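1. Take a look and give me a structure for this.
(2 chains)
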Amino acid sequence: MSFSLDLSGSPAHSPREKTRGRLLALPAVLWLGLFFLLPLAIVFVVSFMTRGTRELFTFPLTLDNYLRVLGPVYRPVLLDSVWIAFVTTVICLITGYPLAFYISTRKSRFMQQFSLFLVILPFWTNFLVRTYAWRLILGNDGVLNSFLLNLGIISEPLTMLNTDFAVLVGLVYGFLPFMVLPIYSSVERFEFRLVEASHDLGANDWHAFWRVVFPLTLPGVIAGSILVFIPAIGAFITPDMLGGTQGLMIGTLIQGQFKGTGNWPLGSAASMVMMVIVMGSLLVYTRLSSRRG
Amino acid sequence: MAQSTFDSRPAQAETLNIDQGKIRRDLGIRAIGKIGLLLNPVATYFFLWAPILLLVIFSFNSSRSVSTWRGFTFQWYQNIFNDVVGTEARFSTGIMLNSLGNSLIIAFAATIIATTIGTMVALSLVRGNYPGKRFLDGLLFLPVVIPEITQGISLLIFFNLIFSFAQNQMGITPRPGFGTIIIGHVAFNISYVAIVVRARLADMNPRLEEAARDLGANEWRTFWRVTFPLILPGIISGALLAFTLSLDDFVITFFLSGVGTTTLPVFVYGLLKLTVTPEINAISTLILLASTVLIGISLLLQGRNAANT
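-> Predicted coordinates:
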């Protein structure tokens, strides 16, 4: 009756089968090779070149760009970016974990989907517009200042726009869903009978959370942290629109070198340094997640 | 032995007494946890939604200032279609609509190319069997994690080299524009399409394909009659994701657009960065509305597909 059942256990391994599907990958490999990897390799080379008088980049090769990026003028921006990205990640974790926990512990399937949808929907709308909304709120004559002035809490408007604070708020706002989603899927898979077991063994909620729930949802926390940290370190729109000249980050620094009378080799070197930080954090991530199996 | 059991009784009663204090403390911890779990979502949802709602509300405010509400008006919406955006002299409705048209052309082209290439590579990765698959996996992962600004500047330098080569060696002067933007958008969209289609393929039972082949269908027919209809919802989701990403992209487009090929985000960026005016709030509200409609369509399509399969 069904011949397929007899055959299904033993797939044929003809020589053709060994290279099956290779051609289907060819367009992607060519496109990404030509328009992604090759340009990255060129940035690497340009980061060692010099800015010419007429050419945007020329020989001789030099280490000067890296020395400048890591030197006294740009190092503070670099360290500031790493710090802001780190603080963004921590704030997203502190606010995102309880939210993800709340969403995944809703009783009805509908409430779960709906409360998750409320997190994702703003995230799907235009990033520029969402960042602009914070200019409306944080400006000197913005919504927050006039609210606080009307209540009499402050007597003069606070300077919030064009500071590190505004950048931090914008980054947390922009990337919070990246933290919530992986933690949500971790908590959703969590077996809550383990909490009952730990209560039976005498643990209170505090201990049950820190000794059982948190360690078992750690993969979601690690994934969320990396998903927030990487775009935060490379952010350009947020520091550019909310940071002004005070809240500079590597992204704004790089962009500045590629527009107007910028220095392309210097911008390339800054970009390579950022890539090293991104790759380094990815490496830490793969180490951490492979150790947990 | 018997004596020790006897001795342990008072001790046990004592631990029960201590337990009551512990229970009270544990209930306190539980209450704090419950309150926290209630307050955090309220505060976080407020944080996520307040900026968007404020933007929409103030786009209808008849006062130019965002400090007071002076009544409802459509004035600012009329203004943006009559070449007026506050004191912004460079604004023109024509340029805005033109850049919207450019955005749509680019998004359509990039989506078609990226969906085709992305679906092919997803099929290749899930059903294929050849050395170097791990490398390909890594390659597809990279555009998702590498900061957009790095992709933007790397393509800027790349095209600069190609164009100066074309000028010096072949005497032609290509310019950045639709071509360069579409190439850049496809480069980051292939990965997103591949991820979505791959997830769908992984859910599909490979026995169905084996069955089709056993019934005499060749690979081509098997693909179009069995595999393709089954993974179509995944392909549609992937295409919609690519379309949205392409339509919204600012950073990469910013480095690749030329004179006359401004996209809507690049055009709007110039306005948003300058000042806060009610007309800009109105433009932003329209963009939010467009995104929401697009999401609605995508969810409806996915819902219908999910219901069909």
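2. What about whichever residue of the stretch 1-150 of chain A sits closest to chain B? Give its phi and psi, please.
-> Nearest to chain B, among the residues of the stretch 1-150 of chain A, is A:G21, at 2.4 Å (Cβ to the nearest Cβ). C-beta coordinates here come from the backbone N, C-alpha and C atoms, glycine included. When read as degrees, to the nearest 10, the backbone of A:G21 gives phi 80, psi 0.
3. Please look at it and B:K133 and confirm they touch.
-> No - with contact defined as Cβ atoms under 8 Å, A:G21 does not count as touching B:K133 (9.2 Å).
4. okay, and the common contacts of the two?
-> B:L125 (Cβ atoms under 8 Å, 6 or more residues apart in numbering or on different chains).
5. hang on, the earlier thing: spatially nearest residue to the residue of the stretch 1-150 of chain A closest to chain B (excluding sequence neighbours)?
-> B:G128 (2.4 Å; Cβ to Cβ, 6 or more residues apart in numbering or on different chains).
6. Also B:I153?
-> Nearest one to B:I153, counting by Cβ to Cβ, 6+ apart, is A:F258 at 5.3 Å.
7. Would you enumerate the residues in contact with the one you found?
-> Counted by Cβ under 8 Å, 6+ apart, A:F258 has contacts A:W264, A:G267, B:I153, B:L156, B:F255.
8. in the helix or strand the fourth one falls within, what counts as buried?
-> The reference is to B:L156. Secondary structure from DSSP states H and E places B:L156 in helix B:148-165. Within helix B:148-165, the residues scored as buried using 16 or more other Cβ atoms under 10 Å in any protein chain shown are B:148-161, B:163.
9. hey, where'd the helices end up in the stretch 151-300 of chain B?
-> Applying DSSP state H, counting those that start in this stretch to the stretch 151-300 of chain B gives helices spanning B:178-203, B:206-214, B:219-222, B:228-248, B:251-256, B:264-274, B:278-308.
10. Out of these, which gets the lowest mean score?
-> Note on those: lowest mean pLDDT is at helix B:278-308, with a mean of 77.
11. can you give me how far it is from the chain middle?
-> Centroid displacement of helix B:278-308 relative to its chain, using Cα atoms, centre = their mean, to the nearest Å, is 12 Å.
12. helices or strands up against that helix?
-> For helix B:278-308, the elements it packs on are helix A:109-124, helix A:127-138, helix B:2-58, helix B:75-80, helix B:228-248, helix B:264-274, judged by 3 or more Cβ pairs under 8 Å, 6 or more residues apart in numbering or on different chains; DSSP states H and E.
13. and among the ones you listed, the most buried is which?
-> Per residue and on average, the most neighbours among the helices and strands packed on helix B:278-308 fall to helix A:127-138, with a mean of 24 (mean count of other Cβ atoms under 10 Å in any protein chain shown).
14. So which other helices or strands are in contact with that one?
-> If you count contacts as 3+ Cβ pairs under 8 Å, 6+ apart, helix A:127-138 packs onto helix A:143-151, helix A:164-189, helix A:237-238, helix B:2-58, helix B:264-274, helix B:278-308.
15. Can you say which of the ones you listed is nearest to B:G94?
-> helix B:264-274 (11.3 Å; Cβ to Cβ).
16. what about the helices in the stretch 151-293 of chain A?
-> Listed in chain order, the helices of the stretch 151-293 of chain A (DSSP H, counting those that start in this stretch) span A:164-189, A:193-200, A:205-208, A:214-233, A:237-238, A:250-258, A:264-291.
17. and of the contacts of A:F258, the nearest to A:F229?
-> Among those, B:I153 lies closest to A:F229 (Cβ to Cβ), at 20.8 Å.
18. I figured the closest one hits A:S268, correct?
-> Yes - proximity of B:I153 to A:S268 meets the contact threshold set by Cβ under 8 Å, at 7.1 Å.
19. Now for these two: what residues contact both?
-> A:V43.
20. ok, back up a step: can you give me the mean pLDDT across the helix holding B:L156?
-> Per-residue pLDDT values over helix B:148-165 give a mean of 92.
21. other SSEs contacting that helix?
-> Counting contacts by 3+ Cβ pairs under 8 Å, 6+ apart, helix B:148-165 is packed against helix A:38-46, helix A:250-258, helix A:264-291, helix B:178-203, helix B:251-256.
22. one step back: so A:G21 and B:K133 - more neighbours on which side?
-> The neighbour count for A:G21 versus B:K133, taken as other Cβ atoms under 10 Å in any protein chain shown, is higher for A:G21 (18 against 15).
23. Let me see the contact set for that one.
-> B:L123, B:S124, B:L125, B:R127, B:G128, B:N129, B:Y130.
24. Quick one: buried ones out of the residues you listed?
-> B:L123, B:S124, B:L125, B:R127, B:G128, B:Y130.
25. Would you mind measuring the gap between the ends of stretch B:59-66?
-> 10 Å (Cα to Cα, to the nearest Å).
26. how near is A:W134 to A:G174?
-> To A:G174, A:W134 is 10 Å away according to Cβ to Cβ, to the nearest Å.
27. ok, now B:G21?
-> 46 Å.
28. do stretch B:260-275 and chain A meet at all?
-> Yes - legend: contact between stretch B:260-275 and chain A by Cβ under 8 Å from any Cβ of the partner chain is shown at B:P265, B:V268, B:Y269, B:L272, B:K273.
29. Looking at those residues, which one is closest to chain A?
-> B:L272 (4.2 Å).
30. Give me the nearest residue to that closest one, chain neighbours excluded.
-> Using Cβ to Cβ, 6+ apart and skipping residues adjacent in sequence, the residue nearest B:L272 is A:Y132, 4.2 Å away.
31. again, but for B:T261
-> B:G177 (4.1 Å).
32. likewise A:S155?
-> Using Cβ to Cβ, 6+ apart and skipping residues adjacent in sequence, the residue nearest A:S155 is A:L149, 7.6 Å away.
33. just checking, that neighbour touches A:L158?
-> No - here A:L149 lies out of contact with A:L158, judged by Cβ under 8 Å, at a distance of 9.5 Å.
34. what's B:N61 sitting at in phi/psi?
-> The phi/psi pair for B:N61 (degrees, to the nearest 10) is phi -80, psi 130.
35. ok, now how distant is the closest residue in space to B:N281 that isn't next to it in sequence from B:L288?
-> Excluding the flanking residues, the one nearest B:N281 by Cβ to Cβ, 6+ apart is B:S59, at 3.9 Å. B:S59 sits 10 Å away from B:L288, going by Cβ to Cβ.
36. give me the element B:S63 is part of.
-> When elements are assigned from DSSP H and E, B:S63 belongs to no helix and no strand.
37. And for it, nearest residue in space, chain neighbours not counted?
-> B:R70 (3.8 Å).
38. and if you look at B:T180?
-> Once flanking residues are discounted, B:T180 sits nearest to B:L256: 4.4 Å by Cβ to Cβ, 6+ apart.
39. Show the backbone phi and psi for B:F72.
-> Backbone torsions of B:F72, given as degrees, to the nearest 10, read phi -90, psi 140.
40. residues touching it, list them.
-> With Cβ under 8 Å, 6+ apart, B:F72 has these contacts: B:F60, B:N61, B:S62.
41. Can you give me the pLDDT of it?
-> At B:F72, pLDDT is 84.
42. Same check on A:S8?
-> Per the predicted model, pLDDT is 34 at A:S8.
43. Kindly report the same for B:R134.
-> Confidence score, pLDDT, at B:R134: 84.
44. Surely it is within a helix?
-> Yes - counting by DSSP: H, G, I helix; E, B strand; the rest coil, B:R134 falls inside a helix.
45. what about it, distance to B:A122?
-> Distance of B:R134 to B:A122, computed by Cβ to Cβ: 16 Å.
46. Would you mind stating the distance between A:G71 and A:A270?
-> 12 Å.
47. These two: which has the busier surroundings?
-> A:A270 (30 against 10).
48. Identify the residues contacting A:V172.
-> Under the criterion of Cβ under 8 Å, 6+ apart, the neighbours of A:V172 are A:T88, A:I91, A:C92, A:T95.
49. ok, 7 Å please
-> Listed by Cβ atoms under 7 Å, 6 or more residues apart in numbering or on different chains, the contact set of A:V172 reads A:T88, A:I91, A:C92.
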